[in-house]
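**Q** what follows is a predicted protein model with its sequence.
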Amino acid sequence: DMIATGLDAGLPCAFVLADALYGSDKRLRVMLEGREQPYMLAVRSNERLMTTEGSCATRDAAEIAAALPSSAWHRHAAGEGAKGPRLYDWARVRLLRLQQPPWDHWLLVRRSRRDASDQAYYVVFAPMETTLAELAGVAGLRWTIETCFGTAKEELGLDHCEARSWDGWHRHMTLCMAALAFLARLRAELVRGAAGKPNETSPGAVAVAA
């Protein structure tokens, strides 16, 4: 309901991302598709899906990935990590859904380069011309979101709320996220100012101010 309210109010959103708890909720997918809102929702390995390839039988996401030929996999970065680009092998399979241009549906699979059995699965709704490299980059934004939530919990008490009541949950979340957005912008401006005046502002002073 909160996502639908935000979208209906004109909140700009390139992609809706979520973990498997929400990705398995087909009502959420239908709601987003009805608003022509691109999404990338994680699903579990046993999520039952139907592809446009083969016999069109419904199979688990893991079974679909296991049947892919080696030519289906391509190496792309899922954003920058502490030691450089986070590289994974990626593949996608078109899902048998009510496709209507300019939209399409895919199962996106991320595979570890070190352990082929370490895989993650996503159901995707996006414009037909979206490339595999672009989808890999979108999937990588989950790390940014998780970091954001971690900061909000540690610094602003995002998880210190009464989640069993509407007021206690909605108002607390709204206040914490608004405060986090304010502090993030303030920090960015302080860092930008320090970088522009290296002789006048020390990194230590900026850190204390932030």
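**A** Noted; the coordinates are in hand.
**Q** would you map the strands across the chain?
**A** Along the chain, counting by DSSP state E, strands occupy 16-18, 39-43, 48-50, 58-60, 74-81, 84-94, 103-111, 119-127.
**Q** can I get those strands in JSON lines including distance to Arg171?
**A** In this view, the C-beta of every residue, glycine as well, is placed from N, C-alpha and C. Shown next, in JSON lines, are the strands of the chain (distance: least, C-beta to C-beta, whole Å):
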{"stretch": "strand 16-18", "distance to Arg171": "22"}
{"stretch": "strand 39-43", "distance to Arg171": "26"}
{"stretch": "strand 48-50", "distance to Arg171": "38"}
{"stretch": "strand 58-60", "distance to Arg171": "40"}
{"stretch": "strand 74-81", "distance to Arg171": "33"}
{"stretch": "strand 84-94", "distance to Arg171": "36"}
{"stretch": "strand 103-111", "distance to Arg171": "35"}
{"stretch": "strand 119-127", "distance to Arg171": "31"}
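**Q** tell me which of those strands lies nearest to Glu162.
**A** strand 16-18 (23.3 Å; C-beta to C-beta).
**Q** got a pLDDT number for Ala42?
**A** Looking at Ala42, its pLDDT reads 96.
**Q** show me what it is bridged to.
**A** Beta-bridge pairing of Ala42 under DSSP bridges involves Tyr122.
**Q** just to check, it is in contact with Val16?
**A** No - look at Ala42 against Val16 with C-beta atoms under 8 Å: they stay out of range, at 11.6 Å.
**Q** follow-up on the earlier one: and the strands of the chain, which one is worst for confidence?
**A** Mean pLDDT per stretch puts strand 74-81 lowest among the strands of the chain, at a mean of 87.
**Q** angle of that strand against strand 119-127?
**A** 90 degrees (axes from the mean of the first three to the mean of the last three C-alpha atoms, to 10 degrees).
**Q** now Arg44. Nearest residue, chain neighbours left out?
**A** Distances taken as C-beta to C-beta, 6 or more residues apart in numbering put Ala20 closest to Arg44, at 5.0 Å, once the chain neighbours are dropped.
**Q** quick one: that neighbour from Ala120, how far?
**A** As defined by C-beta to C-beta, to the nearest Å, Ala20 lies at a distance of 9 Å from Ala120.
**Q** ok so, going back, of the strands of the chain, which is nearest Leu156?
**A** Comparing the strands of the chain against Leu156 with C-beta to C-beta, the closest turns out to be strand 16-18 (21.1 Å).
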